[in-house]
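J.: Sequence and predicted structure are below.
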Amino acid sequence: MDADAPLPPSMANASPALQQAWRQLRRDYADQLPAKLAHAAALLGDCQRAPDDDGALEALHRALHTLAGSAGTFGWNALGERARAAEHLLDALGPRHPRSRSDFDPVAALVDGLPGDGEAGR
């Protein structure tokens with residue numbers, strides 16, 4: 001979804017001021033999205049370098065959970081769905097020890113493919 005895409009149907013009857021605020025929030029989210037995606041990729045790298053580090057796993061889980069929820073809110077549905085799928089894969093890894101770098105390969109396939117541009121909302 002483009003940051004300047006039409007408003008969602010739920011905003012159709014909102015006041016012009018609220019519609020403008022929504023557009024600004026969506027633009028702000030779009031501006032921050034590359035950094036959010038880069039952060040998730042960096043956290044994945046931490047997990048791959050230290051597979052048994054529960055703190056690294058939790059940080060990646062939290063970042064993906066946040067992306068999964070916020071992306072859909074702002075219309076980046078495909079991004080939200082992929083982030084949610086990666087989050088669920090991490091749920092299965094959480095209690096398992098020892099973990100290996102390859103345990104994170106399915107997560108990496110999703111994180112590496114997280115759409116962050118105009119394709120994201122399609």
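T.: Happy to help now that I have it.

J.: where in this structure is pLDDT low?
T.: Within the chain, the set of residues satisfying pLDDT under 70 comprises 1-5, 116-122.

J.: burial count for Pro6?
T.: 11 (other C-beta atoms under 10 Å). In short, each C-beta sits where N, CA and C put it, glycine included.

J.: An error on my part: the question was meant for Ala86.
T.: Neighbours around Ala86, by other C-beta under 10 Å: 29.

J.: SS state for it?
T.: helix (DSSP: H, G, I helix; E, B strand; the rest coil).

J.: so what's the residue nearest to it when sequence neighbours are not counted up against?
T.: Among residues not flanking Ala86 along the chain, Leu110 sits closest, at 4.0 Å (C-beta to C-beta, 6 or more residues apart in numbering). Leu110 is in contact with 82-83, 85-86, 89, counting by C-beta atoms under 8 Å, 6 or more residues apart in numbering.

J.: for the lengthiest helix in the chain, packing partners?
T.: If you go by DSSP state H, the chain has its longest helix at helix 16-49. Counting by 3 or more C-beta pairs under 8 Å, 6 or more residues apart in numbering; DSSP states H and E, the packing neighbours recorded for helix 16-49 are helix 54-73, helix 105-112.

J.: Report the contact partners of Gly72.
T.: Counting by C-beta under 8 Å, 6+ apart, Gly72 touches 80-81.

J.: Let me know the distance separating it from Glu81.
T.: 8 Å (C-beta to C-beta, to the nearest Å).

J.: cool, and Ala109?
T.: Relative to Glu81, Ala109 is positioned 14 Å away (C-beta to C-beta).

J.: ok, now Phe104?
T.: 19 Å.

J.: buried stuff in stretch 28-44?
T.: Within stretch 28-44, the residues scored as buried using 16 or more other C-beta atoms under 10 Å are 29-30, 33, 36-37, 39-40, 43-44.

J.: Closest one to Asp54 out of those, please.
T.: Nearest to Asp54 out of the buried residues of stretch 28-44 is Leu43 (C-beta to C-beta; 13.0 Å).

J.: contacting residues for the closest one?
T.: Residues near Leu43 by C-beta under 8 Å, 6+ apart: 56, 59-60, 63.
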